[in-house]
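*Asks:* From the sequence below, what's the structure:
(one chain, ligands or ions: 2)
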Amino acid sequence: MSKLRVAVIGAGGRIGSEAVRAVQAADDLELVATLGRGDRLETLTEAGAQVAVELTHPDAVMDNLEFCVRNGIHGVVGTTGWTDERLAQLRTWLDAAPGTGTLIAPNFSIGAVLTMRFAQQAARFFESVEVIELHHPNKADAPSGTATRTAQLIAAARQEAGSAPQPDATSTALEGARGADVDGVRVHSVRLRGLLAHQEVLLGGAGETLTLRHDSLHHSSFMPGILLGVRRVVTVPGLTFGLEHFLDLD
Ligand SMILES: NC(=O)C1=CN([C@@H]2O[C@H](COP(=O)(O)OP(=O)(O)OC[C@H]3O[C@@H](n4cnc5c(N)ncnc54)[C@H](OP(=O)(O)O)[C@@H]3O)[C@@H](O)[C@H]2O)C=CC1
Ligand SMILES: O=C(O)C1=N[C@H](C(=O)O)C[C@H](O)C1
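*Replies:* Ligands and ions are numbered 1, 2, ... in the order given. Okay, the predicted model is just below:
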């Protein structure tokens, strides 16, 4: 059987360099191109890439994906910074490229995907819920894509359950003291040397709390999810948001 031809964009970065090694080590995949900042995107078509793994920067991802989708190259995207507007734009490109698939995964690690799922399940049983994400200080953005997605899922679960607004009597505070408000869920971002990627979801009810914590201790934690995405995205046209759609979680 012929190997799937894979390119990595952002190949010199923290996660990109790990993805290069993971693709090279996979028997069913062939690494046909590695791109860094300033490299020509035409390299992807010249190399015959079928799937591009996109791990760059929120400022770069849209141009890279436009090129990929217009050229029928499937995308596996870990880069953050997704807004409704960006997703709508990507969908219009995909609508014009039937058969082409793009997976955007706010987090490729199984533990983080499960944390999101557990938080979603628990949210309606508690009065209060807040998210703390903790990352290395070279991270491009805040809050993390994972924390934003987690908060959105929590908010949707609470809305579906008819939960009351969260109790919070705070009337005056230094700006920022209560974190960011993502759909009514507070998200706090810590940037600390020594950390990689971590998240806590704190849930509180009368007389009890529940804390869900996930730690990515090495970029290897993201590799099984990236490889799964590469193998599956070629069979799923259109936009898939979240690795959970490629996992049998139920
Ligand atoms: N979904 C997930 O599971 C994960 C997602 N991420 C996300 O992935 C992204 C990258 O993270 P990280 O590896 O830590 O960041 P890095 O800064 O270490 O790596 C990004 C790489 O992309 C390169 N780059 C920037 N612009 C372009 C471009 N236009 N074309 C090609 N390459 C480009 C950079 O080059 P240069 O050094 O010259 O700027 C750099 O080598 C972030 O958005 C991060 O949040 C990270 C980990 C897990
Ligand atoms: O920049 C990182 O490192 C990470 N980015 C992703 C995010 O913003 O959620 C995934 C993970 O947290 C690592």
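*Asks:* List the contacts of the biggest helix by length in the chain.
*Replies:* Of all the segments of type helix in the chain, defined by DSSP state H, the longest one is helix 145-161. Outside helix 145-161, the residues that touch it by CB atoms under 8 Å, 6 or more residues apart in numbering are 80-82, 106-107, 112, 115-116, 119-121, 123-124, 129, 131, 133, 143, 182-185, 187, 189, 197, 199, 201, 242. Where C-beta positions appear, they are placed from N, C-alpha and C, glycine not excepted.
*Asks:* Over to stretch 90-102?
*Replies:* 62, 65-66, 68-70, 72-77, 104, 233-240.
*Asks:* can you do 7 Å?
*Replies:* Contacts of stretch 90-102 with the rest of the structure, by CB atoms under 7 Å, 6 or more residues apart in numbering, involve 65-66, 69-70, 72, 74-75, 77, 233-234, 236-240.
*Asks:* Please point out which parts of that stretch sit buried.
*Replies:* Across stretch 90-102, burial judged by 16 or more other CB atoms under 10 Å covers 90, 93, 94, 97, 100, 101, 102.
*Asks:* Up against ligand 2, what does this structure have?
*Replies:* Residues of the chain that fall close to ligand 2, judged by CB under 6 Å from any ligand atom: 80, 106, 107, 135, 139, 144, 145, 146, 197.
*Asks:* which of the residues you listed are close to ligand 1?
*Replies:* When contact is defined as CB under 6 Å from any ligand atom, the residues of the chain next to ligand 2 meet ligand 1 at 80, 106, 107, 145.
*Asks:* On the three-state scheme, the third one is what?
*Replies:* Put plainly, it is residue 107. Under DSSP: H, G, I helix; E, B strand; the rest coil, residue 107 falls in the coil class.
*Asks:* So it sits against residue 113, correct?
*Replies:* Yes. Judged on CB atoms under 7 Å, residue 107 makes contact with residue 113 at a distance of 6.3 Å.
*Asks:* And the pLDDT at the residue nearest the centre of the chain?
*Replies:* With distances taken as CA atoms, centre = their mean, the chain has residue 106 as the residue nearest its mean C-alpha position (1.0 Å). pLDDT, residue 106: 98.
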